[in-house]
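Undergrad: The following comprises the amino acid sequence and a computationally predicted model.
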Amino acid sequence: MPVAYQNIPSALTGGSKYKVDQKGGITLDDASKEKLNKQSIPYLPSWRKNEKYEPYEFIEYHDRALKADKDLTNLFPKDGKYELENLSPKFGTEIKGIQLSELNDAAKDELALLASQRGVLVFRDQDLIEKGPKAFTDFAKHYGELHIHPTSGAPKEFPEIHSVLTGNTDENPFSTKNSLISFHSDVSYELNPTGISLLSVTNNPKAGGDTVFADAREAYNRLSPLFREKLEDVYALHTAVPQANLAIVKGGVVKRHPVENIHPIIRTTPTGDKVLYVNSAFTKSIVGLKAEESEFLLKFLLDHISGGHDFQIRVNWKPNSVVVWDNRISSHSAILDFDTNEPRLIIRAAARAERPVNNLANLNKPDENNVYEGPEYLGNRVEPGSAKA
């Protein structure tokens, strides 16, 4: 059976150079560091060759949004001076005049509720990034146990920050593909995928490098009632194997053995929203269908999401911007429309959320994480770091 991985252009994996110390620590070299701004330095990706974590176990999750004051009086006090601008009628809001670092716990709960309603919240002029990785992770921890990514780099001492350095290469990213848009819901292969998430770009090109988000609730609502009914009890397999294989092929580190888990195509969130829960990065197949049938139906659903420009928004990154979004009700993609010799550093911290269900009667019902041990995983054949691209 062939090994499954995507040969991603170096513009997406980054052309920056790294060095390895005697203890197996992998860090950015000095020449690559000089191309980044000062704010990015505390967030640089790093790895340790011996860094390993056990596969996650099931957790119960209790949504902070359900504890919130529905009037949002702590997040938006009467005497506050703030501006809200909806990025589209149903999805996405830009907020000015609120410092995330100053919010109390009640306001953070209300932030989760607002994220569950608007999907994506864009905050400008934030001091959270300048305060450093600890402040960034401490804020995100309010929403639950933070997820540690199985392959990506992280700042030293802060493995919960998913740090992705791209660009910094002269390669033509479109030499083999017309588009590199890949809508995904982060780590949907996990038994407990992430929910409330924080995202920021600390080093962005002069123009471009936006992030596009799609509303998975509206993607569901646009389907006909009969089609929604047919999908109600249909499940899909989500896999981490191609991502792990890519890390090995690129000489990277797989910190946690890849998993595959089955989730409902129609997911119901704790706040009662129904969402279309498939994505092009991690959804492998539809359970119970033959290969051709699965590919046909998945292609329709994925094209429906990627082509739904009337339920998508685009976030333009400005200095000191922080996005808070609900990963359960949206999918997103980086937009590679900038000169790839410019580096782009994006950071994320995200809390593990509930096991996806289609019926809230099954919410927090214990389940087992499915660790993949099949032949498609390259790590079962070679030692990590020994394969080359």
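TA: Right, received. Where do you want to start?

Undergrad: and residue 284, that's in a strand?
TA: Yes. Residue 284: assigned to a strand according to DSSP: H, G, I helix; E, B strand; the rest coil.

Undergrad: Mind jotting down where the helices sit in this structure?
TA: Ranges of helices in the chain, per DSSP state H, are 10-13, 30-33, 105-118, 133-141, 216-222, 225-231, 241-249, 291-306.

Undergrad: which one of these lies closest to residue 266?
TA: With Cβ to Cβ as the criterion, residue 266 lies closest to helix 225-231 of the helices of the chain, at 5.2 Å. Any C-beta I mention is one placed from the backbone N, CA and C, and that applies to glycine too.

Undergrad: that older thread, just put the helices of the chain in a markdown table and tack on mean neighbour count.
TA: What follows is the helices of the chain, written out as a markdown table (neighbours: other Cβ atoms under 10 Å):
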| stretch | mean neighbour count |
| --- | --- |
| helix 10-13 | 19 |
| helix 30-33 | 13 |
| helix 105-118 | 21 |
| helix 133-141 | 18 |
| helix 216-222 | 21 |
| helix 225-231 | 12 |
| helix 241-249 | 23 |
| helix 291-306 | 15 |
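
Undergrad: of all those helices, which lies closest to residue 193?
TA: helix 216-222 (12.4 Å).

Undergrad: which residues touch the closest one?
TA: Helix 216-222 has contacts (Cβ atoms under 8 Å, 6 or more residues apart in numbering) with 90-91, 119, 185, 228, 266, 273-277, 304-305, 308, 311, 328-331.

Undergrad: Kindly recompute the last result at 6 Å.
TA: 273, 274, 275, 276, 305, 308, 311, 329, 330, 331 (Cβ atoms under 6 Å, 6 or more residues apart in numbering).

Undergrad: Dig out what the third one forms beta bridges with.
TA: Legend: beta-bridge partners of residue 275 under DSSP bridges are residue 267.

Undergrad: same question, the last one
TA: Each beta-bridge partner of residue 331 is listed here: residue 214, as defined by DSSP bridges.

Undergrad: Tell me, how many residues neighbour it?
TA: 28 (other Cβ atoms under 10 Å).

Undergrad: how near is it to residue 208?
TA: For residue 331, the distance to residue 208 (Cβ to Cβ, to the nearest Å) stands at 20 Å.

Undergrad: Over to the second one?
TA: For residue 274, the distance to residue 208 equals 34 Å [Cβ to Cβ].

Undergrad: neighbour count winner among these two?
TA: Using other Cβ under 10 Å as the criterion, residue 274 and residue 208 rank with residue 274 on top: 18 against 15.
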